[in-house]
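>>> Make a model of this:
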Amino acid sequence: MRDVAAGKSLLDPVATARVLERLRDGNAPKGDDKLANLTEQERRILDLIGEGLTNRAIGERLHLAEKTIKNYVSSLLSKLGMERRSQAAAYVARMQAEKR
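Residues are numbered from 1 along each chain as shown. Here you go, the predicted model:
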């Protein structure tokens with residue numbers, strides 16, 4: 001309460017920056033709307049799944065525990081409405097083909 005009364009924001013600075021960035025970019029997420037729901041880390045991991053890397057290999061590349069990667073993969077699959085990482089890999093391949 002005191003912070004707000006002093007003119008400080010109650011919002012998380014990272015979340016505020018993302019909202020402002022989207023407003024500057026015309027409110028429209030770039031690319032597939034499904035991807036707009038993913039965090040930057042989830043997008044990185046999705047790209048690495050598309051390269052065919054295992055959870056262990058992704059963890060080594062990003063310097064994260066394999067279990068952490070597994071949690072990220074579960075989260076991104078859920079957000080994308082997918083059940084298997086092979087679906088995610090195929091999705092990445094389609095996105096890359098569309099960009100060409």
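>>> show me where the protein has helices.
Taking DSSP state H, the helices of the chain run over residues 2-5, 13-24, 40-50, 55-62, 66-80, 85-99.
>>> mind checking which of these is nearest residue 34?
Taking C-beta to C-beta, helix 66-80 is the member of the helices of the chain nearest to residue 34, at 5.3 Å. Quick note: C-beta positions are derived from backbone N, CA and C, even for glycine.
>>> got the angle between that closest one and helix 55-62?
100 degrees (axes from the mean of the first three to the mean of the last three C-alpha atoms, to 10 degrees).
>>> Give me the contacts around helix 66-80.
By C-beta atoms under 8 Å, 6 or more residues apart in numbering, the residues outside helix 66-80 that reach it are 34, 37-38, 41-42, 45-46, 49, 55-56, 58-59, 62, 83-85, 87-88, 91.
>>> rerun that using 10 Å as the cut-off
32, 34-39, 41-46, 48-49, 53-62, 64-65, 82-85, 87-88, 91 (C-beta atoms under 10 Å, 6 or more residues apart in numbering).
>>> Render the CA-only coordinates of that helix in CSV, please.
C-alpha atoms of helix 66-80 as CSV (Å, rounded to 0.1, in the frame of the first residue of the first chain):
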residue,chain,number,x,y,z
GLU,A,66,16.9,-33.0,-16.6
LYS,A,67,13.9,-32.9,-14.2
THR,A,68,13.6,-29.2,-14.7
ILE,A,69,13.5,-29.7,-18.5
LYS,A,70,10.9,-32.4,-18.1
ASN,A,71,8.7,-30.0,-16.2
TYR,A,72,9.2,-27.3,-18.9
VAL,A,73,8.3,-29.9,-21.6
SER,A,74,5.1,-30.9,-19.8
SER,A,75,4.1,-27.3,-19.4
LEU,A,76,4.7,-26.4,-23.0
LEU,A,77,3.0,-29.5,-24.3
SER,A,78,0.0,-28.6,-22.2
LYS,A,79,-0.1,-25.0,-23.5
LEU,A,80,0.2,-26.3,-27.1
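>>> With that, I have no additional questions.
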